[in-house]
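> what follows is a predicted structure for the sequence shown.
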Amino acid sequence: QSSDRVFNFAAGPATLPEIVLKKAESELYNWRGSGMSVMEMSHRGKEFLSIIQKAESDLRALLDIPSEYAVLFLQGGATTQFASVPLNLCNPDDPVDYIVTGSWGDKAFKEATKFCKPTVIWSGKSEKYTKIPDFDALEQNPSAKYLHICTNETIHGVEFKNYPTPKNKDAILIADMSSNFCSKPVEVSKFGVIYAGAQKNVGPSGVTIVIIRKDLIRNAQPTTPVMLDYKIHAENNSLYNTPPCYGIYMCGLVFEDLLAQGGLVEIEKKNIKKGQLLYDTIDQSNGFYRCPVEKSVRSLMNVPFTLEKSELEAEFIKEAAKENMVQLKGHRSVGGMRASIYNAMSLAGVEKLVAFMKDFQARHG
Ligand code: PLP
């Protein structure tokens, strides 16, 4: 990467591929001979329509999204989806199930209590969110309308490696994939709804992607604001109101780049390599560094770790920053460190971090 850029381990908004930023820079002032920046275009003009349509078709190619699914480009972040999901998919008295593997799943559950009757059927809170449950032992509500999971808990670094099946055959699996979206292939047909904020793996904040099975798009609860109504957005191809045009354009550039890298099978291989390198360094440090998460469910995106000598944490962050590695502080709710190594973090960035960690240990261990 260019010498004037830092290695940014932020959890989101997060680092983007340099090639994407440079392409955007080259088109910033005059997009492909249109004489306009994408920021200045009418969202109903032919230029922007070509941008949003290409972004959708590239995302469909990347995730192999079946034709029975709609793709929506929305606003409001994944947080808005915490309300949109129950408002669109159930009535106020309907029971629904939530598996809570971290703070985001917990927030999704709490928001749903306003719009339906959710139950937490499993929570990892008492074990400090370091685990994913055994699916066979789950007690699901037989009449639940859906089962909600967060496939990657950004703060705690816990990632589902496979997915539960709702017990009620009519119930649907819903996933907040914000922090591992497009980091690996996913069998979309297992899910009724997948949603993700763009700002980790696929673009800037301000764009929220919803992938929803078309037969689930129906009348929302009557009080649902139009901006939260999937039917309205689907019927208008995400152009009911002014969409986050520039963000959608940036997502489109990221999708093009992911396809050019060979698609999500190749991306996953790179992510596994980076994750292994970092986790091995932690595990082989004789306890100098520790990752609390159960090994089989460690996230390939967000790697939380602590220092045995916690008084050295501030020094670790300070020295790392001097070497151009930033945003390594853990989330304020859990402390310690967290290295987010999304798609756009290069192997070179992780190698640099690991070399620094070993050197830091040699000096302070
Ligand atoms: N879900 C997950 C897994 C997240 O990591 C985040 C944000 O970091 C959110 C939801 C909330 O997303 P937003 O800030 O886009 O509303």
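It's in.

> which outside residues touch stretch 20-39?
41, 47-48, 51, 245-246, 249-250, 253-254, 257, 344 (Cβ atoms under 8 Å, 6 or more residues apart in numbering). C-beta here means a position set from N, CA and C on the backbone, and glycine is covered the same way.

> what is the nearest of these to residue 134?
Closest approach to residue 134 among the contacts of stretch 20-39 (Cβ to Cβ): residue 344, at 33.6 Å.

> where's the closest one relative to residue 144, distance?
According to Cβ to Cβ, to the nearest Å, residue 344 and residue 144 sit 37 Å apart.

> residue in the protein nearest to the ligand?
Using Cβ to the nearest ligand atom, the closest approach of the chain to the ligand is made by residue 77 at 2.4 Å.

> not counting its neighbours along the chain, what's nearest that residue?
residue 197 (5.0 Å; Cβ to Cβ, 6 or more residues apart in numbering).

> just checking, which helix or strand succeeds the helix or strand containing residue 78 along the chain?
In this structure, residue 78 sits in helix 77-89 according to DSSP states H and E. Using DSSP H and E, the helix or strand that follows helix 77-89 towards the C-terminus is strand 95-100.

> how about the helix or strand that that following strand is followed by: buried residues?
Downstream of strand 95-100, the first helix or strand assigned by DSSP H and E is helix 103-112. Residues of helix 103-112 classed as buried: 103-109, 111-112 (neighbour count, 16 or more other Cβ atoms under 10 Å).

> which one of the residues you listed is nearest residue 283?
residue 103 (24.7 Å).

> pLDDT value on the closest one, please?
Turning to residue 103, the model gives it a pLDDT of 98.

> the one 4 residues further on now?
Reported pLDDT at residue 107 in the predicted model: 98.

> isn't it right up against residue 83?
No - applying Cβ atoms under 8 Å as the test, residue 107 and residue 83 come out as separate, 10.7 Å apart.

> which pLDDT does the model give the residue lying closest to residue 161 once chain neighbours are set aside?
In this structure, residue 161 finds its nearest non-sequential neighbour in residue 297, 6.4 Å apart by Cβ to Cβ, 6+ apart. We have a pLDDT of 98 for residue 297.

> same question, residue 365
Here the pLDDT value assigned to residue 365 is 86.

> list the contacts for it?
286, 288.

> likewise for residue 207?
Counting by Cβ under 8 Å, 6+ apart, the residues that residue 207 touches are 73-75, 197-199, 244, 247-248, 250-251.

> which bits of the stretch 101-250 of the chain sit near the ligand?
Contact residues (Cβ under 6 Å from any ligand atom) of the stretch 101-250 of the chain with the ligand: 104, 150, 154, 176, 178-179, 197.

> pull the most distant pair out of those residues.
150 and 197 (11.9 Å).

> surely residue 181 forms part of a helix?
No - the assignment for residue 181, made by DSSP: H, G, I helix; E, B strand; the rest coil, is coil rather than a helix.

> that one: how many residues sit nearby?
28 (other Cβ atoms under 10 Å).

> mark out where each domain of this protein begins and ends.
Per the record, the chain has its domains at 21-260, 263-364, by automatic domain parsing.
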